[in-house]
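In: Please work out how this folds:
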Amino acid sequence: METSLHRELKYLYARDSLSVEVPLHGYRIDALDSDGRLVEIQHAALSGITKKVAELLGAGERVRVIKPILRSKSIETLDRRGGKLLRRRKSPKRELPVDVFKELIHFTSVFPHPQLSLELIHVDAVEVRIDRRERRWKRKAYEMVDQRLSGVGDRISLSTAGDLWRLLGGPELPKPFDTAMLAEAIEQPRWFSQQIAYTLRRCGAIEQQGKQGNTILYCMVSRCVDAAPKGRVRRKSA
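Out: Alright, predicted model coming up:
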């Protein structure tokens, strides 16, 4: 089921009202933007569109993947579909741009690519639910029936390995460094910094520089150092 949020984002990026749900290369493309790029809106894990993106790139297309980052979420609970509002509350759930590394670990077979860009867009959303009358074991007490867009914020465009480094804030690390040092520099748990290091290595931002005992040592690839000024990756206003 397509949510209102997904539909609203398609029209936000489409060059006009006729440039949505376009059939191409055996797929249905979410939208075509004003530059003729194929736009795919991906709320779910990036791994779910890896094959599609790979085949579109292989066909010579320029692809723009849009990944919504949840800035804020409100929850509205109805008594039934299209019915009366029972309650409304703010959800504590928030997402950060760095969280995309949890998905990029499964997207490195296509990213980076000269014809591909990945754009993170901060969104405010309203999730509409109805209470379940009969709750079964391990089932949620509610059913999510829709999500809609209530606002957009900054957009962060990622195209190169250097962009991934800037997404982390361009941390200054010793040469070489390990994942414990990376975790401390970006204020993230060690297990997550290991995923980030794997992704950075697969994307060509860092390379392995031997070991110290059982600990793998890394250094940043010189072309990424040259291309990555201090500070975070460039943000575009909504």
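In: What are the buried residues along stretch 156-164?
Out: Under the neighbour-count criterion of 16 or more other Cβ atoms under 10 Å, stretch 156-164 has 156, 158-164 buried. All C-beta spots, glycine's among them, are computed from the backbone N, C-alpha and C.
In: what's the answer for stretch 87-102, then?
Out: Those would be 95, 97-101, for stretch 87-102 by 16+ other Cβ under 10 Å.
In: In strands, which of the buried residues of stretch 156-164 fall?
Out: Those of these mapping onto strands are 156, 158, per DSSP state E.
In: can the buried residues of stretch 156-164 go into CSV with extra columns for pLDDT and distance to Ile49?
Out: Converted to CSV, the buried residues of stretch 156-164 look like this (pLDDT from 0 to 100; distance: Cβ to Cβ, whole Å):
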residue, pLDDT, distance to Ile49
Ile156, 96, 19
Leu158, 97, 15
Ser159, 96, 17
Thr160, 94, 20
Ala161, 91, 20
Gly162, 90, 23
Asp163, 94, 19
Leu164, 93, 18
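In: Between which two of the buried residues of stretch 156-164 is the distance greatest?
Out: Ile156 and Ala161 (15.1 Å; Cβ to Cβ).
In: Can you give me the domain assignment for this protein?
Out: Taking automatic domain parsing as the domain assignment, the ranges for the chain are 4-159, 163-236.
In: Can you tell me which of the buried residues of stretch 156-164 is closest to His106?
Out: Distances from His106 to these, taken by Cβ to Cβ, are shortest for Leu164, at 14.5 Å.
In: Now that closest one. Nearest residue, chain neighbours left out?
Out: Among residues not flanking Leu164 along the chain, Ala205 sits closest, at 5.5 Å (Cβ to Cβ, 6 or more residues apart in numbering).
In: what do you get for Arg15?
Out: According to Cβ to Cβ, 6+ apart, the nearest residue to Arg15 is Ser34 (4.3 Å).
In: Number of residues surrounding that neighbour?
Out: Per other Cβ atoms under 10 Å, the neighbour tally for Ser34 reads 10.
In: Quick check: it touching Arg64?
Out: No: with contact defined as Cβ atoms under 8 Å, Ser34 does not reach Arg64; the gap is 11.0 Å.
In: quick one, strands of the chain?
Out: Applying DSSP E to the chain gives strands spanning 20-24, 27-32, 38-41, 63-78, 85-91, 116-131, 142-158, 206-212, 215-220, 235-236.
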